[in-house]
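Visitor: okay, predicted coordinates and the sequence, questions at the end:
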Amino acid sequence: MQEIYNFSAGPAVMPKPVLKQIQNEMMSYRGSGQSVLEMSHRSSLFQEIIKKAEETLRALMQIPDEYDVLFLQGGASLQFTMVPLNLGIKKAGYIHTGIWAKKAIQEAEKLADLEVAVLASSAAKNFTYIPEITSVPQYLDYVHLTTNNTIEGTAFYTLPKTGDVPLVGDLSSNILSFDYDVKDFGLIYAGAQKNMGPAGMTVVIVRKDLLGKKKGLPAMIDYKLQAENDSMYNTPPTFAIYAAGLVFDWLKKQGGIKEMEQRSRQKAQLLYETLDASSLFYSSVAKKDRSLTTIPFMTGNSDLDDQFIKEAEKVGLVNLKGHRSVGGMRASLYNAFPLTGVETLTAFMQDFEQQNGGNRDV
C-alpha cells in the first residue's frame, strides 16, 4: 500500500499509535464491554478519562493551579463570542494578523456595549508579517491575538507586553508545538483538530480571577459555570476528550512540548530551505515571522499550482491545496506529521521544478 502523507490543515493527521489504541479499545474500553462512544459521562470510567486528560495536559503545559482547564464544544470560533461576553466590560484590544483574527474582531464588534480597538494590523502587506505592538493601553479589558495564522503562515514567537491587561491567545494551530508560558496569558483557547485530536472539542485555559466578571450570561457560554461543573454542565464531547487524552499521553512519551518544538523547527527548516533555494516555488512571508506548523507556498502561476497539487496526490502527498483566499499550496506540519513526509515533499518539489523549467511567473 502506498504511504500517504496528509498535509491537511484540520482535521489533521493524528499519531498512528493513538489511532491504533482507539481501534483496539473501540468495542470495549479496558474490558468494560462499552465503547467510549456509548459510555455515560457520569460513569466512573469516563470520570477517570477526563481527569487524566486534564492532569496530563497540565503537566505538558505546566499549567498553574490558578488556572482552570475546560473541555468545551463549539470549536474555537465559539470562543470569538465567549471571550468578549465573559471578559469584555468596556473596551477590548485586538491584533489583526489574518482571517481568523478578523473573524474574532467581527464577533466582538457585534456586542453593543463593547468597544473594539485594533491595536496593530498587518493587513497593508496582506498579512505577510507580524506587526509590532509598541504599547498597550492599560484601561483595556483584554488583548486578543492569534498565535499562529494558518492561512497566512505567520506566527508570534515573542508575545507583546500587556502589563496588567490580560492577554487572550487563540492557540488553535500551534498549541503543544511551541513552548509558550501559560502564565503570560489570562486565557488560552484552542480547537482540538490540529494538534490535540479529532474535531469536536475546544480547550480553554482561563485564569480563575477572570471568571465571573460578567453576570447573567447564558449557561452554556459562561466560563464560571462551566468551571464550577468541571466541563460537564451538559454532556461534554466525550470521545474527543478521550482521544485528546491519548494524544497528550503520546506527547508526554515523545518528550513533551520542548521536544515537539524542536521537531517542528526541523521539519519547517527543511521545507523553508527548499523554498529559499528554489527558482520556482516561493514563500511570501517575512522570514522572522514564518510559521513552524503551517507553511503556504506557491509558484505564482495558478495552473502550475494546480498541476503540482494533482501530481503530488498521485505520489501520496495529499491535502496540499492552499486556502482559497491565498491560493497556491499549504503544508500543515502538526505534531503528528512525520519528518519523512517533509523529506518526501521536498524531494518531489525538486523533481517537479526540474521538469517544469524552474521559472516562476510572479
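Guide: On my side now, so go ahead. Numbering: from 1, shown residues only.
Visitor: what residues of the helix ranked longest in the chain count as buried?
Guide: When the chain is parsed with DSSP state H, its longest helix is helix 256-277. Buried residues in helix 256-277, counted by 16 or more other CB atoms under 10 Å: 256-257, 260-261, 263-264, 267-268, 270-272, 274-275. All C-beta spots, glycine's among them, are computed from the backbone N, C-alpha and C.
Visitor: so who does residue 165 touch?
Guide: Residues near residue 165 by CB atoms under 8 Å, 6 or more residues apart in numbering: 93, 136-138, 140-143.
Visitor: narrow the residues you listed to those in strands?
Guide: Using DSSP state E, the members of these that fall in strands are 93, 143.
Visitor: chain center to the following helix or strand past the longest helix of the chain: distance?
Guide: Counting by DSSP states H and E, the next helix or strand C-terminal to helix 256-277 is strand 294-297. Relative to its chain's centre, strand 294-297 lies at 14 Å (CA atoms, centre = their mean, to the nearest Å).
Visitor: give me the contact list for strand 294-297.
Guide: Applying CB under 8 Å, 6+ apart, the external contacts of strand 294-297 come out as 9, 148-153, 173, 268, 271-272, 275, 281-285, 322-323, 326, 328-333.
Visitor: just the C-alphas of it, formatted as CSV.
Guide: Coordinates of each C-alpha in strand 294-297 appear next as CSV, following Å, rounded to 0.1, in the frame of the first residue of the first chain:
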residue,chain,number,x,y,z
THR,A,294,1.5,25.9,8.6
ILE,A,295,3.6,26.8,5.5
PRO,A,296,1.9,28.3,2.4
PHE,A,297,3.9,28.4,-0.8
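Visitor: what's the mean pLDDT across stretch 250-264?
Guide: For stretch 250-264, mean pLDDT is 98.
Visitor: how far does stretch 31-38 stretch from start to finish?
Guide: Stretch 31-38 has its terminal residues 14 Å apart, counting by CA to CA, to the nearest Å.
Visitor: and this protein, what are its domains?
Guide: Structural domains annotated on the chain: 16-254, 256-355, as defined by automatic domain parsing.
Visitor: and the ones you listed: which comes nearest residue 2?
Guide: Closest of the domains of the chain to residue 2 is domain 256-355, at 4.9 Å (criterion: CB to CB).
Visitor: for residue 30, which non-adjacent residue is closest in space?
Guide: residue 45 (7.2 Å; CB to CB, 6 or more residues apart in numbering).
Visitor: please report phi then psi for the one you found.
Guide: Backbone torsions for residue 45, taken as degrees, to the nearest 10, come to phi -60, psi -50.
Visitor: against residue 238, how distant is it?
Guide: 10 Å (CB to CB, to the nearest Å).
Visitor: okay, and the common contacts of the two?
Guide: residue 39.
Visitor: which residue of those two possesses the greater neighbour count?
Guide: residue 238 (22 against 15; other CB atoms under 10 Å).
Visitor: the more buried one touches residue 38, doesn't it?
Guide: No - with contact defined as CB atoms under 8 Å, residue 238 does not count as touching residue 38 (9.3 Å).
Visitor: give me the helices and strands touching the longest helix of the chain, please.
Guide: helix 44-61, helix 238-254, strand 294-297, helix 339-355 (3 or more CB pairs under 8 Å, 6 or more residues apart in numbering; DSSP states H and E).
Visitor: mind jotting down where the strands sit in the stretch 51-200 of the chain?
Guide: Along the stretch 51-200 of the chain, the segments classed as strands by DSSP state E, counting those that start in this stretch run 67-72, 91-96, 115-121, 143-146, 148-149, 154-155, 167-170, 187-191.
Visitor: mind putting those into a markdown table with mean pLDDT, distance to residue 290 and mean neighbour count?
Guide: Compiled in a markdown table, the strands of the stretch 51-200 of the chain are given as follows (pLDDT from 0 to 100; distance: least, CB to CB, whole Å; neighbours: other CB atoms under 10 Å):
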| stretch | mean pLDDT | distance to residue 290 | mean neighbour count |
| --- | --- | --- | --- |
| strand 67-72 | 98 | 30 | 22 |
| strand 91-96 | 98 | 18 | 22 |
| strand 115-121 | 97 | 19 | 16 |
| strand 143-146 | 98 | 15 | 26 |
| strand 148-149 | 96 | 11 | 28 |
| strand 154-155 | 98 | 7 | 24 |
| strand 167-170 | 98 | 19 | 25 |
| strand 187-191 | 98 | 20 | 25 |
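Visitor: make CSV from the ones you listed and add distance to residue 208 to it.
Guide: Putting these into CSV (distance: least, CB to CB, whole Å) gives the following:
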stretch, distance to residue 208
strand 67-72, 6
strand 91-96, 20
strand 115-121, 25
strand 143-146, 19
strand 148-149, 26
strand 154-155, 28
strand 167-170, 15
strand 187-191, 11
